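A.B. asks: The sequence and its predicted three-dimensional model are supplied below.
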There are 2 protein chains.
Amino acid sequence: MKVHGAVFTTATRKVFACLYEKELEFELVPVDMRAGHHKKEPFISLNPFGQVPAFEDGDMTLFESRAINLYIAHAYEDKGTQLIYHGKKMAILSMWMQVEANQFDPVASKLVWELVIKLIFGMTTDEAVVEVQEAKLGQVLDIYEVRLGQSKYLGGDDFTLVDLHHLPNIQYLMGTQVKKLFDSRPHVNAWCTDILARPAWLKVLAMQPNN
Amino acid sequence: MKVHGAVFTTATRKVFACLYEKELEFELVPVDMRAGHHKKEPFISLNPFGQVPAFEDGDMTLFESRAINLYIAHAYEDKGTQLIYHGKKMAILSMWMQVEANQFDPVASKLVWELVIKLIFGMTTDEAVVEVQEAKLGQVLDIYEVRLGQSKYLGGDDFTLVDLHHLPNIQYLMGTQVKKLFDSRPHVNAWCTDILARPAWLKVLAMQPNN
């Protein structure tokens, strides 16, 4: 198995977290994004949209991190952590996967851009954008607070791909002023503490950018 | 089965198209969005995010149109059109579902907003936004053109949820200047002609807003 990606990106980290949860061996093929290698051959033969990560498993080539993780969770269901369900429980899990992708990620990604990535590149945070997105994130987390009062994890009673897909953005936001939005909601706070401490996630954080 | 939604919205139309493809009976419960009923009880008990559609099937309540359709396609796999695959073919299909959601829909939705919805509400189209989004859509459709030269449909050799999820935005864009972007690419053009003529889709278009 090969992951073509960059260690610092949230999308690549989603796939690493999944592979570590499933206890699968993989090779990282670094893509030098600063040099724009994700927009050139040979990478765009793996993903014509020019976005990391891309994934290879034998003759299977996939891109889109959530689709890669669904493949891994189904194809290696008997390995490591059970990250999916079946039947009606899977329908509920799929719904919360869509919530992460459509409600949480667009807001969280904008905040990570403004409060983390821009600083790395010496750019200036747009405080007006932060204010708007913080308010939106608060509304999403209000709904998560209710949900997490009803079930231990977002997708159900077990840690699944839903929770895993939140990890990279939450990790970055925990180092910013946005941390207070997670800390101030008891169920959200307990959930964050729990999932951020998973051994598989700590392995992702231990990966070095030059690996 | 009940669909709580509004006939003109692209997300609600995705679910109608799926139900008609599967030849399933359903009841439409109209949500008066102009009166803001999607942001109030009883609707937000069905979807706390306040977005149409919401879906009920016996004791199952779901929101997020793509998750609803995955549920329908799996739970009623033996009815009507086979809209999903299994195993590796499903992994490819899932990847293209993510492409629709993450690459096509954000661009297409902005164009539908500027060129269709704003006109309905007497607002003015922002030509600068249109120019940027048209260029982005062209890049996405260039990749679709290659893909559709390799397989008849985006998810594989058969019409699946991937193609179905494109229908509502494409239908609206076909009535705008953006039509030329679809028409000028032969494989994309043939694909659009094919999927827009599906009987299930024509049934969606025949639904009246006051139903």
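C.D. replies: Cool, got the structure.

A.B. asks: So what does the nearest residue to A:Pro209 once chain neighbours are set aside look like in phi/psi?
C.D. replies: Leaving aside its sequence neighbours, A:Pro209 sits nearest to A:Val7 (CB to CB, 6 or more residues apart in numbering or on different chains; 4.9 Å). Just so you know, the C-beta spots here come from the backbone N, C-alpha and C atoms, and that holds for glycine as well. Backbone torsions for A:Val7, taken as degrees, to the nearest 10, come to phi -60, psi -30.

A.B. asks: in terms of contact, does A:Val7 touch A:Leu205 like I think?
C.D. replies: No: using CB atoms under 8 Å as the test, A:Val7 is too far from A:Leu205 to be in contact (9.8 Å).

A.B. asks: if we can go back for a sec, any idea how far chain B is from the residue nearest to A:Pro209?
C.D. replies: The gap separating A:Val7 from chain B is 21 Å, by CB to the nearest CB, to the nearest Å.

A.B. asks: And A:Arg13, by the same measure?
C.D. replies: A:Arg13 is 17 Å from chain B, by CB to the nearest CB.

A.B. asks: check contacts around that residue.
C.D. replies: By CB atoms under 8 Å, 6 or more residues apart in numbering or on different chains, the contact list for A:Arg13 reads A:Val7, A:Leu167, A:Pro168, A:Gln171, A:Val204.

A.B. asks: Look up which helix or strand it falls in, please.
C.D. replies: Assigned by DSSP states H and E, A:Arg13 belongs to helix A:10-21.

A.B. asks: near chain B, which residues of chain A show up?
C.D. replies: Within reach of chain B by CB under 8 Å from any CB of the partner chain, chain A has these residues: A:48-49, A:60, A:62-64, A:66-68, A:70-71, A:74-75, A:87-88, A:90-92, A:94-95, A:97-99, A:101-103, A:143, A:146.

A.B. asks: counting contacts, what elements does the longest helix belonging to chain A pack onto?
C.D. replies: Taking DSSP state H as the assignment, the helix of chain A that covers the most residues is helix A:127-150. Helices and strands touching helix A:127-150, as assessed by 3 or more CB pairs under 8 Å, 6 or more residues apart in numbering or on different chains; DSSP states H and E, comprise helix A:105-112, helix A:179-183, helix A:186-196.

A.B. asks: and the next helix-or-strand element following the longest one, what's its mean pLDDT?
C.D. replies: Just to be clear, that refers to helix A:186-196. Per DSSP H and E, the first helix or strand lying C-terminal to helix A:186-196 is helix A:199-205. Helix A:199-205 comes out with an average pLDDT of 98.

A.B. asks: And for stretch A:85-100?
C.D. replies: Averaging pLDDT along stretch A:85-100 gives 97.

A.B. asks: do the same with stretch A:172-181
C.D. replies: Averaged across stretch A:172-181, pLDDT comes to 97.

A.B. asks: That stretch: end-to-end distance?
C.D. replies: Chord length of stretch A:172-181, first to last residue, is 13 Å (CA to CA, to the nearest Å).

A.B. asks: contact partners of it?
C.D. replies: With contact meaning CB under 8 Å, 6+ apart, stretch A:172-181 is reached by A:10, A:108, A:111-112, A:115-116, A:134, A:137-138, A:141, A:182, A:192, A:196.

A.B. asks: Any of these buried? List them.
C.D. replies: When the contacts of stretch A:172-181 are checked for burial by 16 or more other CB atoms under 10 Å in any protein chain shown, the buried set is A:Thr10, A:Ala108, A:Leu111, A:Val112, A:Leu115, A:Val116, A:Glu134, A:Leu137, A:Leu141, A:Phe182, A:Cys192, A:Leu196.

A.B. asks: what's the pLDDT at the third one?
C.D. replies: A:Leu111 is assigned a pLDDT of 98 by the prediction.

A.B. asks: residue contacts, it?
C.D. replies: A:Val130, A:Gln133, A:Glu134, A:Leu137, A:Leu173, A:Thr176, A:Val178.

A.B. asks: can you rerun that using 10 Å?
C.D. replies: Neighbouring residues of A:Leu111 by CB atoms under 10 Å, 6 or more residues apart in numbering or on different chains: A:125, A:129-130, A:133-134, A:136-137, A:169, A:172-173, A:176-178, A:181.

A.B. asks: ok, now the first one?
C.D. replies: Under the criterion of CB under 10 Å, 6+ apart, the contact partners of A:Thr10 comprise A:65, A:105, A:108-109, A:112, A:117, A:165, A:167-172.

A.B. asks: Would you check which pair of those lies furthest apart?
C.D. replies: A:Ile117 and A:His165 (18.8 Å; CB to CB).

A.B. asks: Tell me the gap between the helix or strand of chain A with the lowest mean pLDDT and the middle of its chain.
C.D. replies: Across the helices and strands of chain A, the lowest-confidence element by mean pLDDT, DSSP states H and E is helix A:118-120, at a mean of 92. Here the centre of helix A:118-120 is set off from its chain's centre by 20 Å, with CA atoms, centre = their mean, to the nearest Å.

A.B. asks: Tell me the most packed of the contacts of A:Arg13, by neighbour count.
C.D. replies: The most crowded member of these, judged by other CB atoms under 10 Å in any protein chain shown, is A:Pro168 (25 neighbours).

A.B. asks: From B:Tyr172, how far off is the nearest residue to that one once chain neighbours are set aside?
C.D. replies: In space, and not counting its chain neighbours, A:Pro168 is closest to A:Thr10: 3.6 Å by CB to CB, 6+ apart. Here A:Thr10 is placed at a distance of 31 Å from B:Tyr172 (CB to CB, to the nearest Å).
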